[in-house]
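Q: just the structure for this:
(4 chains)
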Number of protein chains: 2
Amino acid sequence: MSAPPLRKRPTQDDVARAAGVSQTVVSLVLNDRAAASISPETRQRVLAAIDDLQYVPDGAARGLRTRKTLIVASLIPDITNPFYPAFERGIQDVADGRGYDLIAYNTDGQREKELRCLRSLQRTRVDGVIATPFQLTADDFAPLIGGGVPVVVFGELVTAGPGSPFDSVFLDDAAAAAELVGYLIDRDYLPLAMIAASAEHLRREGRATAYQRVLAERVPTQAPLLARGDDPTEAGGYAAMRALLAGPTRPRAVFAANDMMAMGAMVAIREAALCVPDDIAVAGFDDITVARLLNPPLTTVAQFPERLGRQAAAMLFARLDGSVTGAGQRVEMPYELMIRESA
Amino acid sequence: MSAPPLRKRPTQDDVARAAGVSQTVVSLVLNDRAAASISPETRQRVLAAIDDLQYVPDGAARGLRTRKTLIVASLIPDITNPFYPAFERGIQDVADGRGYDLIAYNTDGQREKELRCLRSLQRTRVDGVIATPFQLTADDFAPLIGGGVPVVVFGELVTAGPGSPFDSVFLDDAAAAAELVGYLIDRDYLPLAMIAASAEHLRREGRATAYQRVLAERVPTQAPLLARGDDPTEAGGYAAMRALLAGPTRPRAVFAANDMMAMGAMVAIREAALCVPDDIAVAGFDDITVARLLNPPLTTVAQFPERLGRQAAAMLFARLDGSVTGAGQRVEMPYELMIRESA
DNA sequence: CTGTTAGCGCATTCAG
DNA sequence: CTGAATGCGCTAACAG
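A: Here you go, the predicted structure:
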C-alpha cells in the first residue's frame, strides 16, 4: 500500500444496497431495536454486508440525530503532573468499558484556558464532563448544565451550595494535611516549614491553611514558615526550598503541598549538602507512583488517583444511563498517610 | 442555580431569527467566507445575536457537512508511564493552537486494544491520528489511510517500506542504546546486565539487541545477562532485578530498557542492602522528568518526549492543512546521553 | 450583498 | 417484518 485509494467510506445506504434491503433495516439491526424484530435471515445478510464493506457507523451523523456523541471530556490542570495520568487512566478505563471515548484537556490551572476548554466542550458536544477546576465557578458551567450535560467535579466547586447540580468526588484535604502535620510535630520535626504554590491556586489552599492552624495550635512558639513556589511543580518546590534554606531559620522538616514539589525540595536540600531526613525531613502529598521509589522513599498522603478517576467516571455514567437523577451527589473518598523514610 | 432549565441550545436558525437575517448569513459570518462579503452592519447584528443567545456551533452537524471534526487522536500504550504524558502534552499544545481537540487512547501495547482504538477512531471520525503502535502493522491502518485520514507514527512501523503513506518521527534507539552501553563498558562497569520487558514488546527490542551486539563486540568474554520483566514498568524492572540478584553472577551495572524499569531496579538493589552506583550502577532510557530528581540522579538517554509530540503534531497538521502531500516523511529526532550519578 | 435549496449519514416516525 | 419519508444543524452551491 502506498498510493491510498481514498474511496469514500461506506454508508448504511451502501450496506443496504449490498444486502438487498432498505437503509432502515440496516439501522435497525445495528441498533438492535427490540421493537421491530428483524428476521434472523435478513439480519445475517445485513451483518455479512457490514462485515464485507467494512462499514463503521458515522459518529457525527448518529450524534446529530441522537444527541449523543459517546464522548466524555476530562478537564485537568496538567497531564505532566503524575497525579493526573493516573486519574485519567481511571476515567478512561471505565469510559472504555462503556464504549465511550475520552477527550482530555489541560488547563494549567489558568482560568482563561479553563474557559476555552469549556467552549471547546460545547462545540464538540460531549455527553458528560469530569472536571478538576482550579478557577472555575459553578456559573461557568451553567451553559453545560443547562444543556443537560452532566458534570462531575473533582474537589469542591467554590460556589456550589447545597442543591447544586454537580456531582463531586473529593477528599478532606485539610484533614489529611492536618494529620500529616500532626505526625511531623509528634516526631519533633521542628521548626516545621511548608512549601506551596502561589496562593492563586486557591484549590490547594486547604493544605496550607491546615498547616498553619495545626502549627498554631500545637506549637504556638513557632512562627509559620510558609514558602511559595510559582507553580505546583518540581521547579516550584525547588525554588521554594532554596528560599527557605537562604532564610534566617533552617527548618527541621518541610511539608510540601504535593509530591512533585517535595521532590524539588529534596534536590535543593541535597544540593545544599544536607541529608534527608537526618538534616531536613520531607513530606509530600499525593503519593504519586514514584514517591515510593525515591531514595529515601517519600512520606506522603495517598489519594489513590486511579480510584478517584474510576469513582468520578462511575458517577458520570450513572447520570448518563439515567440510573441517578436529581441533585448532585457528593462522595468523599479516603486518604491514607504513607509513612516512609523521608520523614 | 439548582434546577437546570434545560433549554435547548440555540441553533443558527435561532440566531438568524434574532438578528433578522437568514440562516445562511449566520453561517457566512461564522466562517468568515471571503467570497461573500457581509455588510459590516449586518455582521455586527449577527455577532450581537450570537453573543446574546450564547450560540455555539454544533461540531457534529458541521462535521457531517465538512467532513472535518476538528478532533485528532493519539494512541499511546499507557499514560501512566511518565514518558507519554509529556509526549501527549507536546501534541496537545500544538493541537490546541490549531483549535483542535485531542482524544487519547491507552492501548497497553496490546494488539487487541490497539485494534479496538482504531475502530473507535473510525466511528468518531477524527481528522488525523498520531500513533505509538506496539503491535499494529501498516495494514491495520489501511482503513484510516484509505479514508484520507493522515497518520503520523512515533517509531517505525514494522511493515512500512519506502513509499509508505505514513509520516513518522523516530529516533535511533539502537544507536542510543549502543552509545550508553559503550559508555558503561568504558567505565569498566562489568559484568554489565540488561533488563527489559518481555520480548513481545518488539518495539523496544532495538535496545536489547544493541546491548547484546556491543557487549559481544567489546567484551566477548562476558556472556550477555539479559533479564526480562513482564511489563515495561517499575514492577517489571523490580522483578527482573531481583532475578538478576538471585542469579549466579552479580552484575556490576544494569542497563534498563526504560527509566521506570530502572527505578524498579534501584529499589530492588537497595532492598538487597546494596548501593547505587558503588555496588551496582544503573542506567535507564527516556529521561523522564523524575530521572534527574532521583537519588542518585539517573544516568539515561534523553528522548525529549514533549518535543517529539510537538514534531509529530506539526507533521500531522502539515498534512491537515495541505502544506505537505505525497509520500510519508520520516523525521529522525536527536537523543542525548545524560550522564549523571547513578552510573 | 443576501436568501433558497439541497443534502451530509443516520434514527425514527408512520405506512404497508 | 420491512420500506419511504422526514429532519437533526450545518455548509455550500446557486439564484436573486
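Q: just for chain A, where's the confidence low?
A: Residues of chain A meeting the criterion pLDDT under 70: A:1-7, A:33-37, A:158-161, A:200-204.
Q: how does it divide into domains?
A: With automatic domain parsing as the criterion, the domains of chain A are listed as A:12-57, A:65-171+A:305-335, A:173-302.
Q: what would those domains look like in JSON lines with mean neighbour count?
A: Every residue, glycine included, has its C-beta placed from N, CA and C. Conversion of the domains of chain A to JSON lines gives the following (neighbours: other C-beta atoms under 10 Å in any protein chain shown):
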{"stretch": "domain A:12-57", "mean neighbour count": "15"}
{"stretch": "domain A:65-171+A:305-335", "mean neighbour count": "20"}
{"stretch": "domain A:173-302", "mean neighbour count": "21"}
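Q: let's have these in CSV, adding distance to DNA strand D.
A: CSV is the format used below for these (distance: least, C-beta to the nearest atom of the strand, whole Å):
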stretch, distance to DNA strand D
domain A:12-57, 3
domain A:65-171+A:305-335, 4
domain A:173-302, 34
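Q: so which of those domains is nearest residue B:56?
A: domain A:65-171+A:305-335 (4.0 Å; C-beta to C-beta).
Q: ok, the residue in the stretch 201-343 of chain A that chain B sits nearest to - contacts?
A: With C-beta to the nearest C-beta as the measure, residue A:295 is the residue of the stretch 201-343 of chain A nearest to chain B, at 4.1 Å. Taking C-beta atoms under 8 Å, 6 or more residues apart in numbering or on different chains as the criterion, residue A:295 is in contact with B:266, B:270, B:294, B:295, B:296.
Q: show me which of those residues is closest to DNA strand C.
A: The shortest distance between DNA strand C and any of the contacts of residue A:295, using C-beta to the nearest atom of the strand, involves residue B:294 and amounts to 50.9 Å.
Q: tell me how far the closest one lies from residue A:92.
A: Here residue B:294 is placed at a distance of 28 Å from residue A:92 (C-beta to C-beta, to the nearest Å).
Q: tell me how far the residue nearest to residue A:14 when sequence neighbours are not counted lies from residue B:288.
A: Beyond its immediate neighbours in the sequence, the residue positioned closest to residue A:14 (C-beta to C-beta, 6 or more residues apart in numbering or on different chains) is residue A:53, lying 6.0 Å away. According to C-beta to C-beta, residue A:53 and residue B:288 sit 44 Å apart.
Q: if we can go back for a sec, how about the contacts made by the residue nearest to residue A:14?
A: Contact partners of residue A:53, counting by C-beta under 8 Å, 6+ apart, are A:10, A:14, A:15, A:18.
Q: which one among those gets closest to residue B:67?
A: Distances from residue B:67 to the contacts of residue A:53, taken by C-beta to C-beta, are shortest for residue A:10, at 14.8 Å.
Q: tally of neighbours for that closest one?
A: Using other C-beta atoms under 10 Å in any protein chain shown, the number of residues around residue A:10 comes to 17.
Q: right, and it touches residue A:51 too?
A: No: Residue A:10 is beyond contact range of residue A:51, at 11.2 Å (criterion: C-beta atoms under 8 Å).
Q: residues contacting residue A:175?
A: Contact criterion C-beta under 8 Å, 6+ apart gives A:210, A:335 as the residues in contact with residue A:175.
Q: okay, and it sits in which element?
A: Residue A:175 is part of helix A:173-186 when elements are defined by DSSP states H and E.
Q: kindly report the same for residue A:163.
A: Assessed by DSSP H and E, residue A:163 sits outside every helix and strand.
Q: picking up where we left off before, okay, the domains of chain A in CSV with distance to residue B:187 next?
A: Formatted as CSV, the entries for those read as follows, by distance: least, C-beta to C-beta, whole Å:
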stretch, distance to residue B:187
domain A:12-57, 54
domain A:65-171+A:305-335, 31
domain A:173-302, 21
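Q: before we move on, the earlier item: next, the angle from the following helix or strand past the helix holding residue A:175 to helix A:173-186.
A: The first helix or strand that comes after helix A:173-186 along the chain, using DSSP H and E, is strand A:192-197. Computed by axes from the mean of the first three to the mean of the last three C-alpha atoms, to 10 degrees, the angle separating strand A:192-197 from helix A:173-186 equals 150 degrees.
Q: hmm, strand A:192-197 in reach of chain B?
A: No: counting by C-beta under 8 Å from any C-beta of the partner chain, chain B is not contacted by strand A:192-197; separation bottoms out at 15.0 Å.
Q: what's the angle from the next helix or strand after that strand to helix A:173-186?
A: Note on strand A:192-197: by DSSP H and E, the next helix or strand toward the C-terminus is helix A:205-218. For the pair helix A:205-218 and helix A:173-186, the angle between their directions (the same axes, to 10 degrees) equals 40 degrees.
Q: now for the helix or strand just after helix A:205-218, which elements pack on it?
A: Once helix A:205-218 ends, the next helix or strand along the chain (criterion: DSSP H and E) is strand A:225-229. If you count contacts as 3 or more C-beta pairs under 8 Å, 6 or more residues apart in numbering or on different chains; DSSP states H and E, strand A:225-229 packs onto strand A:192-197, helix A:205-218, helix A:234-246.
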